[in-house]
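Visitor: what follows is a protein structure lacking sequence information:
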């Protein structure tokens, strides 16, 4: 009769301690990321941040004259507002530069020094843009003359501002606030045709 051996022939596998350490570290990191995400989400709900922006509020074409030699003279007033809708954060605007163009030609440049916008507040800039006499080519002069006769002149306003604002304890955010729109006027009385002209973030 064969006797059964009391010893097992299979080797028991022993997990390497380094594997256990790696598993624990991964678990801790995963939990930390989840907690950080929850805290960030709760902070966002509490602070409810709103992205500051710039927009054209109003404008007026004070003067526009084209003589027989194709020399153009204009004066435009443009009201640009920097808006900060956050109730718990200031916003800083810098490098604010915009160009005013007509038929593909830059006729004026609008520049603002760095400034701050308080919590849930706004700052208005009333730009008065007098241009030096602008010599136009035959085609450009013809386009402007047609616009004067049809009582509609279209300017292109392009530019940007760098914005920095702090979202509570979540850190600060920096981005480029770009403005690219058309401003339409009735040159007979200088009135501005209201349209949406608000910056986009990038």
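Guide: Nice, thanks for sending it over. Every value quoted in this text rests on a predicted model; they were computed, and no experiment measured them. Numbers count the residues shown, from 1 in each chain.
Visitor: now do the strands in this protein.
Guide: For the chain, the strands defined by DSSP state E cover 53-66, 71-84, 91-102, 105-112, 115-117, 121-130, 134-135, 153-166, 172-186, 191-193, 200-201.
Visitor: buried stuff in the longest one?
Guide: For strand 172-186, the neighbour count (16 or more other C-beta atoms under 10 Å) marks 173, 177, 179, 181, 183, 184, 185 as buried. Placement of C-beta: from N, CA and C, glycine included.
Visitor: what residues does stretch 55-64 touch?
Guide: 72-81, 83, 124, 148, 153, 157, 179, 181, 183, 185-187, 190-192, 197-199 (C-beta atoms under 8 Å, 6 or more residues apart in numbering).
Visitor: and what of stretch 193-202?
Guide: With C-beta under 8 Å, 6+ apart, stretch 193-202 has contacts from 51, 53-56, 157, 160-161, 175-186.
Visitor: repeat the analysis, applying 6 Å as the threshold.
Guide: 51, 53, 54, 55, 56, 175, 176, 177, 178, 179, 181, 184 (C-beta atoms under 6 Å, 6 or more residues apart in numbering).
Visitor: now stretch 89-96
Guide: With C-beta under 6 Å, 6+ apart as the criterion, stretch 89-96 contacts 52, 82, 84, 112, 114-118, 161-166.
Visitor: can you select the buried ones among the contacts of stretch 55-64 for me in ChimeraX?
Guide: The buried subset of the contacts of stretch 55-64, as determined by 16+ other C-beta under 10 Å, is captured in ChimeraX by this line:
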select :72,74,75,76,77,78,80,81,83,153,157,179,181,183,185,187,190,192,197,199
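Visitor: farthest pair in the contacts of stretch 89-96?
Guide: The largest separation in the contacts of stretch 89-96, counting by C-beta to C-beta, is between 112 and 166 at 21.2 Å.
Visitor: rewinding a little: which one of the strands of the chain lies nearest to residue 18?
Guide: It's strand 172-186; of the strands of the chain, that one is closest to residue 18 (C-beta to C-beta) at 40.0 Å.
Visitor: make CSV from the strands of the chain and add distance to residue 28 and mean pLDDT to it.
Guide: As requested, the strands of the chain are exported to CSV (distance: least, C-beta to C-beta, whole Å; pLDDT from 0 to 100):
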stretch, distance to residue 28, mean pLDDT
strand 53-66, 41, 93
strand 71-84, 39, 93
strand 91-102, 37, 93
strand 105-112, 49, 89
strand 115-117, 41, 92
strand 121-130, 43, 91
strand 134-135, 67, 86
strand 153-166, 30, 92
strand 172-186, 28, 91
strand 191-193, 60, 96
strand 200-201, 36, 78
